[in-house]
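Novice: generate a structure from the sequence data that follows.
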Amino acid sequence: MEASTFRWVLVIIALLLALAIYFYGQHQSRLRRRSAIDTFTREEIDSAFVEDEQLRSELDNLNQILRENEVEEDLDDIQINPARDAQTTPFSLPDPQIYVHQAIAQREPKRLINYHLRHDDFRLITGEEAAAAVEQMAIELNADGLLEVRESGDVAFQIASLTDPGDFNSIQDLDFSTLGFNCFIDLDACENPGLAYETLLKKIDGLVRLLNVKVYKSSEDLLTISDVTEIRKSLQ
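Specialist: Down below sits the predicted model:
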């Protein structure tokens, strides 16, 4: 074969290889584009489906809120007893009745020192709470069902319940509860009022810490330091 003919054969082979490589590259590019388009389309569809579900859920919640508001507005328009509704609200209840034990009610108020230990919101003290506090403060139950503290063999002060029937006979029962403690000193029956009052203050301080209650006078005003100072002076 002549040299010139051989060169032409090589040129033709080179052209065919170049064309083959070019068309193969074009074919691969089309395949990649088609795959990318298919993938993108599926992601868009999936995304749109999720967004539609979320939107539908939010619209359902909004419709429910609107329906509830409409019901509340309709109820607000109904006034069965406007006069009484104006005086009280369903969220405000009257204070519960505080029970006064006969041991206190039968005595002259001026000859008594009595303080109420209770929660400011009239929350009940359970029997478990009361019994634990009484035991820890070494306060005993007497024959009349009242709690009492003795000092040098004499009764310093007694405690009645602020809930009917006013005693602590059933303090160990599971269903026992009380509005609070009515701590009182009968000045006519007390041998040493000054010592009894100091004992009362000491025990009250412990009960306040254990039960997280506040101390009120019989008038239902909070006990103050000036009140304590005045009583101390009167007992000297």
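Novice: is it correct that Arg150 is in contact with Phe157?
Specialist: No. With contact defined as CB atoms under 8 Å, Arg150 and Phe157 do not form a contacting pair (9.4 Å). Backbone N, C-alpha and C define where each C-beta goes, glycine included.
Novice: residues contacting Ile204?
Specialist: Taking CB atoms under 8 Å, 6 or more residues apart in numbering as the contact definition, Ile204 lies against Tyr115, Leu117, Cys183, Val215.
Novice: what's the farthest-apart pair in those residues?
Specialist: Spatially, the most separated pair among those is Cys183 and Val215, at 8.6 Å (CB to CB).
Novice: between these two, which contacts overlap?
Specialist: Tyr115, His116, Leu117, Ile204.
Novice: the last one belongs to a strand, doesn't it?
Specialist: No. Checked against DSSP: H, G, I helix; E, B strand; the rest coil, Ile204 lies outside a strand; its state is helix.
Novice: still on that earlier bit, list just the nearest of the contacts of Ile204 to Leu162.
Specialist: Leu117 (8.5 Å).
Novice: what helix or strand is that closest one on?
Specialist: strand 112-118 (DSSP states H and E).
Novice: quickly run through the sheet partners of the helix or strand just after that strand, with directions.
Specialist: Moving toward the C-terminus from strand 112-118, the next helix or strand (DSSP H and E) is strand 125-126. Using DSSP bridges, strand 125-126 pairs in its sheet with strand 177-178 (antiparallel).
Novice: now what about the partner strand, what contacts it?
Specialist: In this structure, residues lying in contact with strand 177-178 by CB under 8 Å, 6+ apart are Leu124, Ile125, Thr126, Gly127, Ala130, Ser161, Leu162, Thr163, Phe168.
Novice: what subset of those residues is buried?
Specialist: When the contacts of strand 177-178 are checked for burial by 16 or more other CB atoms under 10 Å, the buried set is Leu124, Ile125, Gly127, Ala130, Ser161, Leu162, Thr163, Phe168.
Novice: hang on, the earlier thing: what lines up beside the strand holding Leu117 in the sheet?
Specialist: Applying DSSP bridges, strand 112-118 is found paired with strand 180-186 (antiparallel), strand 214-217 (antiparallel).
Novice: pick the most buried one from these.
Specialist: Relative to the other members of these, strand 180-186 carries the highest mean neighbour count by mean count of other CB atoms under 10 Å, namely a mean of 24.
Novice: contacts for it?
Specialist: Contact partners of strand 180-186, identified using CB under 8 Å, 6+ apart, comprise 100-101, 103-104, 107, 111-119, 125, 130, 147, 156-162, 166, 193, 196-197, 200, 203-204, 207, 213.
Novice: which sections of this structure are below the confidence cut-off?
Specialist: Using pLDDT under 70 as the threshold, the predicted model of the chain has low-confidence ranges 1-4, 6-7, 9-11, 28-29, 31-93.
Novice: could you pull out the helices for it?
Specialist: Defined through DSSP state H, the helices belonging to the chain, from first to last, are 3-76, 82-87, 102-105, 127-136, 193-211, 225-234.
Novice: check which helices and strands the shortest one sits against.
Specialist: Yep, that's helix 102-105 we're talking about. With contacts taken as 3 or more CB pairs under 8 Å, 6 or more residues apart in numbering; DSSP states H and E, helix 102-105 sits against strand 154-161, strand 180-186.
Novice: got the domain ranges for the chain?
Specialist: As assigned by automatic domain parsing, the chain contains the domains 1-92, 102-234.
Novice: hang on, the earlier thing: need the strands paired with strand 112-118 in TSV with distance to Tyr24, can you?
Specialist: Below are the strands paired with strand 112-118 laid out as TSV (distance: least, CB to CB, whole Å):
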stretch	distance to Tyr24
strand 180-186	96
strand 214-217	93
